[in-house]
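Engineer: What follows is a predicted protein model with its sequence.
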Amino acid sequence: MATQQFKKLDKAPSFRWYALLMNALAYGYFFMTVNILNAMTDEVQQAFGVSATELTFLTTAVMIAFAVVPTFGAHIAAKIGGRNIVALSIFYNVVVTLLFLIPAVSQDYLAVLVLRFLHGATGGLMTGTVVGGTPLWFPVKERGIASGLNLGILGVGFSIDT
């Protein structure tokens with residue numbers, strides 16, 4: 001079985017900081033949509049009349065999709081490109097978020113559970129590209145700060161809606 005050879009960059013691309021910024025914003029937006037439910041758990045629990053355990057399923061659905069979908073996201077990104085998979089992920093995340101505005105959807109626990117799973121899938125599509133691109137585009141001396149900025153946005157995304 002032949003092993004796949006990856007092209008090693010001779011020099012870091014000039015667009016790497018711009019790409020890092022765009023990836024960090026996309027990732028931050030994703031984690032903001034994931035955490036929005038945590039900012040209003042009491043209201044959600046009362047609206048659906050669910051137990052605390054049933055409420056946690058809404059977050060668990062996100063995490064299950066986020067854990068499973070990156071495998072598919074990596075294959076799709078290999079075919080359509082990293083920039084396209086991130087843009088596609090953001091587009092689908094916005095669509096899923098807008099579906100919450102439909103009263104018939106947002107008032108049904110099962111529908112919200114499905115939407116939360118789809119939120120996780122949108123993050124799963126982009127995560128390989130967002131996290132995996134950093135070590136490829138940055139020289140060794142810049143990787144630490146680039147990775148820290150890229151993943152530090154998670155906390156910012158979590159903080160904004162909370």
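Structural biologist: That came through, no problem.
Engineer: The spatially most central residue of the chain: which element?
Structural biologist: Nearest to the mean C-alpha position of the chain, by CA atoms, centre = their mean, lies residue 123 at 2.4 Å. Using DSSP states H and E, residue 123 sits within helix 109-137.
Engineer: Of all the residues in that helix, which ones are buried?
Structural biologist: For helix 109-137, burial by neighbour count (16 or more other CB atoms under 10 Å) applies to 109, 112-113, 115-130, 133-134, 137. Every C-beta, even on glycine, is put in place using the N, C-alpha and C of the backbone.
Engineer: circling back to that earlier point, which residues sit in contact with the spatially closest residue to the residue nearest to the centre of the chain that is not a sequence neighbour?
Structural biologist: In space, and not counting its chain neighbours, residue 123 is closest to residue 30: 4.3 Å by CB to CB, 6 or more residues apart in numbering. By CB atoms under 8 Å, 6 or more residues apart in numbering, the residues touching residue 30 are 89-90, 93, 119, 122-123, 126, 157.
Engineer: where's residue 30, which helix or strand?
Structural biologist: Under the criterion of DSSP H and E, residue 30 resides in helix 16-35.
Engineer: In that helix, which residues are buried?
Structural biologist: Those would be 16, 19-20, 22-24, 26-35, for helix 16-35 by 16+ other CB under 10 Å.
Engineer: Looking at it now, give me its mean pLDDT.
Structural biologist: Per-region confidence: helix 16-35 scores 85 on mean pLDDT.
Engineer: next SSE after that helix?
Structural biologist: Downstream of helix 16-35 (by DSSP H and E), the next one is helix 41-48.
Engineer: Which residues in that next one does the neighbour count mark as buried?
Structural biologist: 44, 48.
Engineer: Remind me what it packs against, helices and strands.
Structural biologist: helix 52-68 (3 or more CB pairs under 8 Å, 6 or more residues apart in numbering; DSSP states H and E).
Engineer: what helices or strands is the helix it packs on leaning on?
Structural biologist: By 3+ CB pairs under 8 Å, 6+ apart, helix 52-68 packs against helix 16-35, helix 41-48, helix 109-137.
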